[in-house]
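Asks: requesting a structural model of the entry that follows:
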Amino acid sequence: MKKIVLATTNKNKLQEMKTLLSGYDILSLSDIGFTDDIEETGSTTGENAKIKAQAVLKFCKEKNLDYAVMSDDSGLFVNSLNGEPGIYSARYAGSHDDSANRKKLLENLEGKDDRTAYFECSICYADKSTTRLFVGRTYGTITKEQIGSDKFGYDCLFYSSDLNKTFGEATEEEKDKVSHRGRAIQKLKHFLEKTNPNYKYIVEYNKTVNK
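Replies: This next block holds a predicted model:
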């Protein structure tokens, strides 16, 4: 079974990836003893995902670990705010505080007619022979108040164009089918399983292909 290191220490994200990629042995950074802080200096989700993947791959090579690596980075992009909060979504209000982040977003959207937005997730896969980037997006609008569960990020403010409800109201299964991460993972799975030889992969880190 192919071993892939997921560049995270987040147990929930690790379990999600293990479920979605059930045919692979998914390891965490803790499993390989990686404890370094990775500085995300990119200006896009793709650049940050690539930075994380390459840092972990370098560590694996130094430790003679023949593992592939994958990492992800995501954000919420609001059109009338020039793409904010974007890559700073998790710390939009200055810290990793979901409630404060949502409050700042609603305040910044006061008086604006255009509330369209999209979530974007970039997954970078790297091994000793290749580096690939897979981007998924999901589109919607930002509501004027929280609707549904507020347990995860901006979900209760994001009204999905696919589901006709907020992500906060959606079940986990409903969300997975249309989410930005789910769509990026499907592209990764096509690549890993070679189920579609004509599939166009994303190879430029500043462009989105196959939305």
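Asks: and the gap between the residue in the chain sticking out farthest from the centre and residue 151?
Replies: Relative to the average C-alpha location in the chain, and by Cα atoms, centre = their mean, no residue lies farther out than residue 111, which sits at 29.4 Å. When Cβ to Cβ, to the nearest Å is the yardstick, residue 111 and residue 151 sit 29 Å from each other. Placement of C-beta: from N, CA and C, glycine included.
Asks: quick one: low-confidence residue ranges for the protein.
Replies: Screening the chain residue by residue with the criterion pLDDT under 70, one finds the ranges 1, 195-211.
Asks: show me the helices in it, by range?
Replies: With DSSP state H as the definition, the chain shows helices at residue ranges 11-20, 29-32, 45-62, 98-108, 172-178, 180-193.
Asks: residue 74 and residue 121 touch, don't they?
Replies: Yes. Distance between residue 74 and residue 121: 4.1 Å, which falls inside the contact criterion (Cβ atoms under 8 Å).
Asks: joint contacts of those two?
Replies: With Cβ atoms under 8 Å, 6 or more residues apart in numbering applied, the overlap between the contact sets of residue 74 and residue 121 consists of 45, 180-181.
Asks: could you dump the residues you listed to JSON lines with distance to residue 100?
Replies: Listed next are the shared contacts of residue 74 and residue 121 as JSON lines, based on distance: Cβ to Cβ, whole Å:
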{"residue": "45", "distance to residue 100": "22"}
{"residue": "180", "distance to residue 100": "22"}
{"residue": "181", "distance to residue 100": "23"}
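Asks: of the residues you listed, which is the most crowded?
Replies: residue 45 (29 neighbours; other Cβ atoms under 10 Å).
Asks: ok, that one - contacts?
Replies: Residues in contact with residue 45, defined by Cβ under 8 Å, 6+ apart, are 73-75, 87, 120-122, 135.
Asks: swap in residue 24?
Replies: The neighbourhood of residue 24, defined by Cβ under 8 Å, 6+ apart, consists of 1-4, 192.
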